[in-house]
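# Here is the input, now give the coordinates:
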Amino acid sequence: MSVEVAFQIIESLAVVIGVGFAIVQVRQYRREKHREAALELMHSFQTPSFAEAMNLVYNLPDGLSREEIENLLGDKFHLVYALMTTWESLGILVFRGEVDLDLVDEFFSGPLKISWQKLQGHVLGERELLGRDTIEEWFQWLTERLAERESKTPRVPAHIAYKNWSDQRPQLK
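Below is the predicted model of the structure:
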């Protein structure tokens with residue numbers, strides 16, 4: 001074997017190893033991005049005002065109009081409005097691929113579905129009042145995407161679906 005052939009083999013191996021390393025790095029980056037998004041979601045929604053807003057929404061009767069919701073909530077309505085804009089922002093992030101729909105589904109499918117069920121009358125009334133169908137459009141879009149998924153594969157609560165789960169990761173000492 002000539003020195004030239006040996007160098008070509010070494011060069012080819014270096015390229016293959018480099019491409020393999022790049023693939024591993026891209027996969028690792030994606031996992032880290034997914035993990036960071038999950039942690040950010042968790043932290044951003046674990047606030048007292050978010051919890052209060054969800055409690056207010058959960059306790060609303062279904063089918064209320066925009067005016068009825070605002071009158072019923074009074075000076076607490078700003079908390080629910082902030083919740084709706086949070087759902088709106090989350091919808092945009094999912095659409096743009098910044099946040100994975102699976103992650104949103106696992107974290108918020110129930111709260112999103114209930115929020116839309118309770119607040120739809122407000123959103124539709126606001127659109128009519130302002131003449132803008134784009135009001136809370138991504139909140140609606142996100143809720144509809146989750147509903148489509150659930151219609152194809154009904155949600156099974158984690159405490160049922162994973163009742164036999166065990167942590168198989170090595171324990172740190």
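
# drop to CA atoms for contacts and neighbour counts, all remaining ones
Noted.

# In space, what's closest to residue 58 - neighbours in sequence excluded?
residue 114 (7.0 Å; CA to CA, 6 or more residues apart in numbering).

# thought the one you found was touching residue 56?
No - between residue 114 and residue 56 there is no contact under CA atoms under 8 Å: 11.4 Å.

# The longest helix seen in the chain: what's the following helix or strand?
Secondary structure of the chain read by DSSP state H shows that its longest helix is helix 3-45. Where DSSP states H and E defines the elements, the next helix or strand beyond helix 3-45 is helix 48-58.

# how far away is the residue nearest the centre of the chain from residue 160?
With distances taken as CA atoms, centre = their mean, residue 104 lies nearest the centre of the chain, 2.5 Å away. Separation of residue 104 from residue 160 (CA to CA, to the nearest Å) stands at 19 Å.

# Do me a favour and average the pLDDT over the host helix or strand of residue 104.
Using DSSP H and E, residue 104 sits within helix 101-130. Mean pLDDT, computed over helix 101-130, is 95.

# what angle do that helix and helix 3-45 make?
Angle between the axes of helix 101-130 and helix 3-45 is 50 degrees (criterion: axes from the mean of the first three to the mean of the last three CA atoms, to 10 degrees).

# Poorly predicted segments of this protein, please.
When residues are selected by pLDDT under 70, those of the chain lie in 18, 37-39, 41-42, 168-173.

# that older thread, and the angle from the helix holding residue 104 to helix 48-58?
Using the same axes, to 10 degrees: helix 101-130 against helix 48-58 is 70 degrees.

# which parts of helix 101-130 are buried?
Buried residues in helix 101-130, counting neighbours by 16 or more other CA atoms under 10 Å, are found at 101, 103-105, 108-109, 111-127.

# need the next SSE after that helix, C-terminal direction.
Later in the chain than helix 101-130, the nearest helix or strand by DSSP H and E is helix 137-152.

# for stretch 94-112, the distance to its chain's centre please.
Centroid displacement of stretch 94-112 relative to its chain, using CA atoms, centre = their mean, to the nearest Å, is 2 Å.
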